[in-house]
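S.K.: return a 3D structure for these sequence lines:
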Amino acid sequence: MNNMDLIQQISDLRKEKGISREKLAAACGLTAQTIYRAEKTGKVTLTNYNKILKTLLSYDTTNNSSL
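M.R.: Numbers count the residues shown, from 1 in each chain. Model (predicted):
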């Protein structure tokens, strides 16, 4: 998987679940700027990418909370 795939994966999952960057950032303990950077440039550490992806995959859209 290349960098552009990772960028697209984060953005697509976030939008699919209807989560703002701010809510996603709060749910995974990062800043909204980090989420923005991950989606726009892919310049994010592997640790932060894993936090973002894990949060997105476990996000419960029925009650808008992270599991």
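S.K.: so residue 29 touches residue 54, yeah?
M.R.: No: Residue 29 lies out of contact with residue 54 (CB atoms under 8 Å); the separation is 11.1 Å. In this view, the C-beta of every residue, glycine as well, is placed from N, C-alpha and C.
S.K.: so where's the chain uncertain?
M.R.: Applying pLDDT under 70 to the chain flags residues 1-3, 61-67.
S.K.: now the helices: where do they sit in it?
M.R.: Secondary structure of the chain (DSSP state H): helices located at 3-16, 21-28, 32-40, 46-58.
S.K.: turn the ones you listed into JSON lines, columns for mean neighbour count.
M.R.: Converted to JSON lines, the helices of the chain look like this (neighbours: other CB atoms under 10 Å):
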{"stretch": "helix 3-16", "mean neighbour count": "15"}
{"stretch": "helix 21-28", "mean neighbour count": "19"}
{"stretch": "helix 32-40", "mean neighbour count": "18"}
{"stretch": "helix 46-58", "mean neighbour count": "15"}
